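Asker: Sequence and predicted structure below; questions after.
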Amino acid sequence: MSDIQWSDGAPIYRQLKDRVIAMMLDGVIKPGDALPSVRQVAAEYQLNPITVSRAYQELADENLVEKRRGLGMFMTEEAARKLRGSERDRFLNEEWPGVLERIQRLGLTLEDLLPPGTTP
């Protein structure tokens, strides 16, 4: 979880949760992998352990991680599938309309958007 830059735009626990979700989607954390401990994350980023616990609890509430007594938090097997679906829906409903509007405003074509050397 190195090089996290905290912004003032959202609560820290939410930013931490989003970072863990990104790591799950990117395959940095895989199903069955342990998340860093609350104490480890709190110490590394100089956060209140309650802040880290809140982020982890939200992940657990969404069944993306599971608590194993005495062992910590682990990514669930279904987390990646669940996240891809929910993140895809969020992108299409919340982000894509603005991106599409900007593309249209700038008069970009499909060829403009594709990497050089690829065909539609």
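Answerer: Sure thing, it's come through. Numbering: from 1, shown residues only.

Asker: Contacts only, for the nearest residue to Thr76 once chain neighbours are set aside.
Answerer: Counting by Cβ to Cβ, 6 or more residues apart in numbering, Glu66 is the residue found nearest to Thr76 once chain neighbours are left out, at 5.4 Å. Every C-beta, even on glycine, is put in place using the N, C-alpha and C of the backbone. Taking Cβ atoms under 8 Å, 6 or more residues apart in numbering, we find Glu66 in contact with Ala60, Met73, Phe74, Thr76.

Asker: average pLDDT for stretch 55-65?
Answerer: For stretch 55-65, mean pLDDT rounds to 96.

Asker: from here on, count from 42
Answerer: I'll keep to 42 as the first residue from here, and by that count the last item is stretch 96-106.

Asker: any weak-confidence spans in this structure?
Answerer: The model of the chain has pLDDT under 70 over residues 42-44, 161.

Asker: Please enumerate the strands of it.
Answerer: Listed in chain order, the strands of the chain (DSSP state E) span residues 106-109, 113-116.

Asker: Ok, which of these comes nearest Thr150?
Answerer: Taking Cβ to Cβ as the criterion, strand 113-116 is the member of those that comes nearest to Thr150, at 40.2 Å.

Asker: List the contacts of that closest one.
Answerer: Around strand 113-116, the neighbours that count as contacts under Cβ under 8 Å, 6+ apart are 65, 70-76, 78, 97, 100-101, 105-109.
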